[in-house]
Every structure is written in C-alpha cells, then in structure tokens.
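**Student:** Requesting a structural model of the entry that follows:
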Amino acid sequence: MILRTVNAAATTTRAPHEFGTPLAVMLLSVFVGAAIASRPTFAFLPLAALVGVLLLVHGPARLVFVLFGGMLVLQRSGELDNAKVAFLAGVLVAFVGALLNVKKLRRTYAYWLARPLFAASFVLVGLAAVSLAVAYTHGVPQKTWLRDIAPYLLFAAAPVFAVDAQAAVGPKTLVRLLLAAGGLTTAAFSVQWLQRRGISHLPIARLGVATLFLPAALFAYAMSAALQRGIGRVRWLLLAPLLLAMLLATSTRSTLALAVAPLAIAIGIRRNLTPRMLRLLVATPIAVILTLALTQGVLVATGANQEVLTKRLEIFKSTGDEREDASYDDRMTQAGVAWDTFKANALFGAGPGVEFEWKPRGLPPSSSSVLDTPASFPAKFGLLGLATALILVATYWSFIRTLARRGEATVAQLALIGYFAVVAILTLLTNPLEDKGLSFGLILLLALVLREASQFTTRRQTKFVLRDRHEAHEDGTSHRPVMR
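**Tutor:** Sure thing, here's the model as predicted:
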C-alpha cells in the first residue's frame, strides 16, 4: 500500500515534465512557422546548419565546397550580395574545420613542409587586418572592404586547405578534381570572352568564374605529366594543346603567358634535366601543330565571326602602340592613376575597396575599385604591402627549393613550378592576388605536391627499414629495424 502511494506521488511529480517537453516542441514549432512566414529565408536555416556541420567534419566536402562553390557563386561581378555572403560564411566554417584537422597532422611530413607557408599566410592576414583600419580612414565601407580583401584571405587560407585536402583525399581524386575544375574554368573563360569580344554568340552566357589561373594550373600539370616518365603521357600531351586552343580562340593576349610553363617545367629542377629537355624538344612542334588545329576547330564549332576575329587578331600587331592599341592605352592610364594613389599614400596605401577614377582616351570617365594593372596592389597596400609580397615570394621560393633538395622531381612538383612561372608573367599585367582562381589552383597543386612528397618519404623510410632488417639478420646482431 505504501509503495503504491509513493509510485503515485512520483507519477504525479513527473507529469509536468512529461507534458512540458511536448509543449515546448509545440511552442518552438509555432515560433519557427511564424518566423518562416514573416521571412521565408529562415526556411534555409536547418539546411545551412547541416551544411555547416558537414563542412566542419568532412574533408572532401570542404574541398569541393570551396572549389566549385567559389567557381559558381563568385562568377558574378558587382556588390557583395546574399549568395556571396553565404558562401564566404561557408568558407569560414570550412576553414575552421580544416584548421582543426591540420592540428591533428602536426607530426606528418606534409605539415612540416607547409609550416613556412603557414607563417607567410599569417603575415598576409596581418596585412589584411591593417588594411581594414586604412580603408576606414579613407571612407571605404566595410562591406566593400570585405569584397576586395576576400581573395587575399582565400590565398592566405590556401596552405591550410591544401594540407587538409592531401590528408582527406587520395592523389587520383585530387587529379580528377583538378581536371574538373580546370576544364570548367577553361570553358567558362572561352564562353565569356568569345561573347564579350563578339567573336561568337553562344546560348550560354556564363559557366563559372572566367579565370586564367585554374586553366594554367591544369595546363602546367598536363605538360609536367607529358614531360615525365610514366604511362598516360600521350593523353596529357593531347590535353594541354586542347586547353591552350580554347583559351587562344578568344584572342586574349594574356593567354600566351601559359607558353612559359613547359620551359619552366623542363629547367625548373636539375635532376633528370636532360631527359626532360629532350622530351620538350620533341613535344614542342607536336603541341604547336595540335594547338593551331584545335584552335581552328574551336572557332568553327562556336561559329566564330571571321571579320570580328580578323580585326581582333590585328590588335596583336599593334601591341604597345598607345595610338592604335586602346587596351594598352587604358591599362597605362589605370597604372598612372594607381601610381598617383600610391605616392599619396606610400606607407599603407589607400586600402582595399578604394574607388579609382580615370578617363580612357575617347571614352567617358570610369571608376572602379579593381584596376587592370599590377600597380593596384601598392596603391591599396603601400610599402607595407610590397614588403608582405616579398615575404610571400621568398617563402614559396624556399618551399620549392626544399622540395627539390629532399626528393625526386615529381609531376606535381614540376607542375607547381610551371604554375608559378605563369603567375610571375601575369603579375606584369595584373594583380594576381585579386583573382580567386589563383588560390583555387594553388590549393589543388599544393595538395598534390604535399601528398606526393609524403608518399615518397614513406617509401624511402620503408626501404631503409627493409635494408636495416636484412643487414641485421646477416650480422646476427638484431632483428629490430633502425629508422634513419
């Protein structure tokens, strides 16, 4: 009787909690429903939460989101809209997830190799922090500053994403991602510039970010694979001219910068230099013939206007002539405006997002925060920015030299050398750090380089272990391996 009374009392005391949970769920459902009714965008919050969790815990998802999300979302120019803000928020979450994973890889060879790159990235982040205060003093809105500084921060995050990717994704998958990303951006570049120049009229206006750097990364990898020993060299030798043909069909002079990649790959490292040079001498005429034939094929397939194309090709003859080359004249005018801005703000620059104004010859005045000249970098960041750029160049140069001293010349390593050679040439024409494609190509090639370096080191250590076991067994002294 007493037990029944106690159980009844316990049941009575639990009843409010049992009814409280369903009541709370009902109230929360009403609140969520009302919020969605007032603002339909709230309906995406559960999906955003799931994507955020996935980006925190899943390495391959982080890499795919940053690469292909960036190529699709950042293709639109203009202000920082909601889609771009959402993507940047996702990149921040992905970076946190990558950083947490990289901390677990501190004892790996890839992490050891990338440590100097992390330090250089930290310096670049410090420059970005200083630039926020500089931009504020020049009246630049914070949203405009964020839009302009985002590519720099993405470049700073590239080593972290690369170390994370090489641990989460296999080398074959990384190559496939490079093929997909490089192929997509090559097509996007061709589609956009063929239509912008009036050479062809296609049913598709945009495919993605029309960058030259991701195609350059894939082109450099293809040429590196074609000049190295191994299977599949013929396929890579066919792919490289196809990429170059799709770019050259747009009659864009900057695409000629890709031609420096094969030479840099051939002479970039002394080891096996002679075989690579011989292969380059054999492959060059074949590649040139294939490129010319494929370029004509691309123009025929896209229905190119021969009259417009002829006029466009005539510009190549007048390159550097201010009277006939309007593009060159406009570029020089922008360089003059950027130089004047730098002289007026020599130490810290005018800050990212600052608006430049200039008047092209025979055209109405123009204004933009992005200039088609490398002088825009010192104009925005001043001498402090130039010092940071020197640190970046020195760090990546030292990284390449470290790789060259510690192992064989791998396909990805030579491709990275070819990629940096193209970036160096394009730096004479524009500010590469403002192009999102620079970071995308760097992430993939760095990940491949670090993965190959780690695999080579593992194989070499295994060889030492087996040799030590064999020597110890013959001496009869010990059967335990000694790691060197």
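**Student:** Can you show me the strands along this structure?
**Tutor:** Taking DSSP state E, the strands of the chain run over residues 356-358, 366-368.
**Student:** so which of these gets nearest residue 304?
**Tutor:** Residue 304 lies closest, by Cβ to Cβ, to one member of the strands of the chain: strand 366-368, at 28.7 Å. Placement of C-beta: from N, CA and C, glycine included.
**Student:** Output the contacting helices and strands for the closest one.
**Tutor:** For strand 366-368, the elements it packs on are strand 356-358, judged by 3 or more Cβ pairs under 8 Å, 6 or more residues apart in numbering; DSSP states H and E.
**Student:** who touches the strand it packs on?
**Tutor:** Defining contact as Cβ atoms under 8 Å, 6 or more residues apart in numbering, one finds that strand 356-358 is touched by 333-334, 336-338, 341, 365-369, 371, 376, 379.
**Student:** quick check: mean pLDDT across it?
**Tutor:** For strand 356-358, the mean per-residue pLDDT is 83.
**Student:** strands paired with that strand, and their directions?
**Tutor:** Next to strand 356-358 in the sheet, as set by DSSP bridges, lie strand 366-368 (antiparallel).
**Student:** any idea how far the strand it pairs with is from the chain center?
**Tutor:** On the basis of Cα atoms, centre = their mean, to the nearest Å, the separation between the geometric centre of strand 366-368 and that of its chain is 27 Å.
**Student:** ok so, going back, among the contacts of strand 356-358, which one lies nearest to residue 385?
**Tutor:** Closest approach to residue 385 among these (Cβ to Cβ): residue 379, at 9.1 Å.
**Student:** If you count neighbours, what's buried in stretch 195-211?
**Tutor:** By neighbour count with 16 or more other Cβ atoms under 10 Å, stretch 195-211 contains the buried residues 195, 197, 199-200, 207-211.
**Student:** CA atoms only for that stretch - export them in CSV, please.
**Tutor:** C-alpha atoms of stretch 195-211 as CSV (Å, rounded to 0.1, in the frame of the first residue of the first chain):
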residue,chain,number,x,y,z
GLN,A,195,30.9,36.6,-76.5
ARG,A,196,32.3,39.7,-74.9
ARG,A,197,34.5,40.3,-77.9
GLY,A,198,31.7,39.5,-80.3
ILE,A,199,33.6,36.6,-81.9
SER,A,200,30.9,34.1,-81.3
HIS,A,201,27.3,34.1,-80.0
LEU,A,202,26.6,31.2,-77.8
PRO,A,203,23.4,30.1,-76.0
ILE,A,204,25.2,30.1,-72.6
ALA,A,205,26.4,33.4,-71.2
ARG,A,206,28.3,32.1,-68.1
LEU,A,207,29.6,28.8,-66.8
GLY,A,208,31.6,29.9,-63.8
VAL,A,209,34.5,32.1,-62.8
ALA,A,210,36.3,33.2,-66.0
THR,A,211,39.8,33.0,-64.5
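**Student:** which residues sit against that stretch?
**Tutor:** Contacts with stretch 195-211, where a contact means Cβ under 8 Å, 6+ apart, come from 70-72, 74-75, 184-185, 187-189, 191-194, 249-251, 299, 302-305, 308-309, 312, 435-438, 440.
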